[in-house]
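Colleague: no sequence for this one, just the structure:
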């Protein structure tokens, strides 16, 4: 018809893509500056040579069996999965109940409590103070947990 050139629809064919749509959507560039995902299945204590040397050097190696046990537990795939899930849910503060009574309650995901129970059972919070007075390296061993 008699439309000005600017108003006429642009008619040209689109180029065909040589790669599949799936290939284009998943591969944009090579990532080389990131470490691989941390998936677990190893001992966090035994795999940290610097930590093991420091624990030994400063007198905490008397608790080596406990450190190895805790390192195995914390480095397991199941424990890392608990942490991953727990971290997706922020604590919720409930200041009042439905009747207006003051609560001041922080609610955490149940997996957070599971992780805290693991830490308490490994004496992360108390090892140095559970030892007899003057136990050499007690704070060092606790720090290694």
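Modeller: Perfect, I can see it now. This is a predicted model, so every value here is computed, not measured. Numbers count the residues shown, from 1 in each chain.

Colleague: what ranges of the protein fall below the confidence cut-off?
Modeller: Along the chain, the model assigns pLDDT under 70 to residues 1-27.

Colleague: just the strands in it please.
Modeller: In the chain, the strands defined using DSSP state E lie at 92-96, 102-107.

Colleague: Can I get the ones you listed in CSV including distance to residue 138 and mean neighbour count?
Modeller: Yep, even glycine has a C-beta here, placed from its N, CA and C like the rest. Shown next, in CSV, are the strands of the chain (distance: least, C-beta to C-beta, whole Å; neighbours: other C-beta atoms under 10 Å):
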stretch, distance to residue 138, mean neighbour count
strand 92-96, 36, 10
strand 102-107, 31, 10
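
Colleague: for this structure, what spans make up the helices?
Modeller: Counting by DSSP state H, residue ranges of the helices within the chain are 21-26, 49-57, 64-74, 77-86, 110-121, 127-130, 138-144.

Colleague: Figure out which of those helices is closest to residue 96.
Modeller: Shortest separation from residue 96 across the helices of the chain is recorded for helix 110-121, at 22.7 Å, computed as C-beta to C-beta.

Colleague: residues in contact with the closest one?
Modeller: For helix 110-121, the surrounding residues in contact (C-beta atoms under 8 Å, 6 or more residues apart in numbering) are 73, 74, 79, 82, 83, 85, 86, 89, 91, 125, 126, 145.

Colleague: Out of those residues, which is nearest to residue 58?
Modeller: In terms of C-beta to C-beta, no member of the contacts of helix 110-121 lies closer to residue 58 than residue 145, at 14.3 Å.

Colleague: how close does that closest one sit to residue 60?
Modeller: Remark: distance between residue 145 and residue 60 (C-beta to C-beta, to the nearest Å) = 10 Å.

Colleague: Can you pull the residues that touch both of these two?
Modeller: residue 67.

Colleague: the more surrounded of the two?
Modeller: Relative neighbour count places residue 60 above the other of residue 145 and residue 60, with 26 against 21, counting by other C-beta atoms under 10 Å.
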